[in-house]
Every structure is written in C-alpha cells, then in structure tokens.
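Trainee: Here you go, sequence then predicted model.
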Amino acid sequence: MTENALLWAQTITLFVTGLVVVWYTWETHKIRKDTARQNELISRQIDLMSQSLRFDITREESASEPIFKWRSGGGDFRRADVLCKFRNEGGAVTDLEVKTNDNVKASISPKDRLSEGEQGEVMFNNSPQASVPDVNYEIHYTTRQNRRGMTRFVLRANQGFPRTAPADYSDT
C-alpha cells in the first residue's frame, strides 16, 4: 500500500472514531437528562407522599380530639356549687383533668376515659369568701395518639353554659 492509501485509511479510521465518540457523548447526555427527569419525578412523588402522610396524621389527630358540647349548667357559682354537663362529640380521650383559677375548685367525671358520644360533667365548688366574676378553666386529656391536649373554657356568672375561652385567655 502506498503512503496515500495509509493516510486515507488513517483519516477514515479517525473520522469513524470521532463519530463514535460524538454518538457516545450524545447518548450519555440523553441518559443524564433522563436520569435527572426521573430523579425529579421521584422527588415529586416523595413530596406528594409526605404531604399525604402529613394530611393523614393531621386528620387523625383532629379526629382524636374531643369536642365538648355543653348540655346543661351555668348558674351563679358565687352562691352555690354549679354542675355543668357535657357530651363528647369528638374522639375518645383518657386521663381527664380540670384546672381552674385559684378561688374555684372543680372536678370532672369521668376521669379515666371519655368515649365518643359519652356524657360527662364538671362540678365547680366556690369557696364562700371568694368573689369571682367568672371561672376560667381548662380540661386536660390524653388522645388515642397518646398526645396530651387541653381545651380552655370560661363560665360566666349567670350567663348559661360554659363557652370556649377566647384566644387571649389567661388563667392569671
């Protein structure tokens, strides 16, 4: 073979090698883009699953909270003891406890467990020398997620049923 033929063979070989390298680079680029797209889709799926899980947890926590619907009660606790009856229209709770402002003592029944739809009562006992315009109190409980919760109420003298306390409630 002549030198010219060898030069042509070498040129063709280099050209084919260059084409293979360009093709390989292009395919690698497409694979990288596809991988990035797949990673983005997986990331979105994980985000959606996390949001769904958080929503389920929030919904379950909300469903496990009690809803106290007052059925009777009120009166002038400055003169006599007051019994306020309620019904739990929310989730079952355990370990119930009532806390009031210092001059008024209160007890809750039942204490151990309050099922959904079950009735309970809070008895307020005022000390005779105390002059209390209203009673701010909290009912503490444990939900079925074993989370300790609390609902605040206010019972105003001669104004009927207890009411949910305003957001700026303070027991001081």
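Mentor: Thanks, I have it.
Trainee: CA atoms for contacts and neighbours, from now on please.
Mentor: OK.
Trainee: so Ala106 touches Val98, yeah?
Mentor: Yes. Counting by CA atoms under 8 Å, Val98 is a contact partner of Ala106 at 6.5 Å.
Trainee: Would you mark the buried spots in stretch 108-120?
Mentor: Across stretch 108-120, burial judged by 16 or more other CA atoms under 10 Å covers Ile108, Ser109, Pro110, Lys111, Leu114, Ser115, Glu116, Gly117, Gln119, Gly120.
Trainee: List the residues that contact the third one.
Mentor: Shown here is Pro110, whose contacts under the criterion CA atoms under 8 Å, 6 or more residues apart in numbering are Leu96, Gly120, Glu121.
Trainee: Closest to His29 out of those residues?
Mentor: Leu96 (63.8 Å; CA to CA).
Trainee: Give me the sheet partners of the strand or helix carrying that closest one and which way each runs.
Mentor: Here Leu96, judged by DSSP states H and E, is contained in strand 93-100. Strand pairing for strand 93-100, using DSSP bridges, gives strand 113-114 (antiparallel), strand 134-142 (antiparallel).
Trainee: quick one: secondary structure of the residue positioned nearest the centre of the chain?
Mentor: Among the residues of the chain, the one closest to the centroid is Thr58, at 3.7 Å (CA atoms, centre = their mean). Secondary structure of Thr58, reduced to three states by DSSP: H, G, I helix; E, B strand; the rest coil: helix.
Trainee: ok so, going back, between the buried residues of stretch 108-120, which sits nearest Gly91?
Mentor: Distances from Gly91 to the buried residues of stretch 108-120, taken by CA to CA, are shortest for Glu116, at 5.3 Å.
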